[in-house]
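Visitor: What follows is a predicted structure for the sequence shown.
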Amino acid sequence: QVQLVESGGGLVQAGGSLRLSCAASGRTISTYAMGWFRQAPGKERELVAAASSAGSTYYADSVKGRFTISRDNAKNTVYLQMNSLKPEDTAVYYCAARRAGVLTLTRYNYDYWGQGTQVTVSS
């Protein structure tokens, strides 16, 4: 079993930055694919960024050029650096892990989820 705990969310003004962290415990996640999802009120949970165990990455068009996913295997932690934040980025952000290391865009392919962290961007 893998436990994921997100942190780093908060309230920020438009144009600001936040870095989300996802600390894993229970197993090493270096061989796992990792994803960051978000869910705004009344909307479907959507994939924001993902990374394979080999280092391939994916970004949703809405965040491309502004968000960066990275991992520190020594700390068993994955990060989401978010720059140039917009009010439409407001959502609960979730970290997810997939035992298979291959990058996937489908949320149902992820095996473990964190509890989420709120990000609110004011205009």
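Guide: Received it, and whenever you're ready, just let me know what you need.

Visitor: so the residue nearest to the spatial centre of the chain is in which element?
Guide: Centrality entry for the chain: nearest residue to the mean C-alpha point is W36, 2.2 Å, by C-alpha atoms, centre = their mean. With secondary structure defined by DSSP states H and E, W36 is part of strand 33-39.

Visitor: Check which residues of that strand are buried.
Guide: Within strand 33-39, the residues scored as buried using 16 or more other C-beta atoms under 10 Å are A33, M34, G35, W36, F37, R38. For every residue, glycine as well, the C-beta is placed using N, CA and C.

Visitor: now swap in stretch 22-33 and tell me
Guide: Quick answer for stretch 22-33 (16+ other C-beta under 10 Å): C22, A23, A24, I29, Y32, A33.

Visitor: ok, the second one - contacts?
Guide: This points to A23. Neighbour list for A23: L4, V5, S7, K75, N76, T77 [criterion: C-beta atoms under 8 Å, 6 or more residues apart in numbering].

Visitor: mind listing what the helix or strand just after the strand holding W36 pairs with, with the direction of each?
Guide: Counting by DSSP H and E, the next helix or strand C-terminal to strand 33-39 is strand 46-51. If you go by DSSP bridges, strand 46-51 pairs up with strand 33-39 (antiparallel), strand 57-59 (antiparallel).

Visitor: Relative to G101, which of the ones you listed is closest?
Guide: When these are compared by C-beta to C-beta, strand 33-39 sits nearest G101, at 5.2 Å.

Visitor: contacts for the closest one?
Guide: 20, 22, 45-53, 67, 69, 71, 78, 80, 89, 91-98, 100-104, 107, 110, 116, 119.
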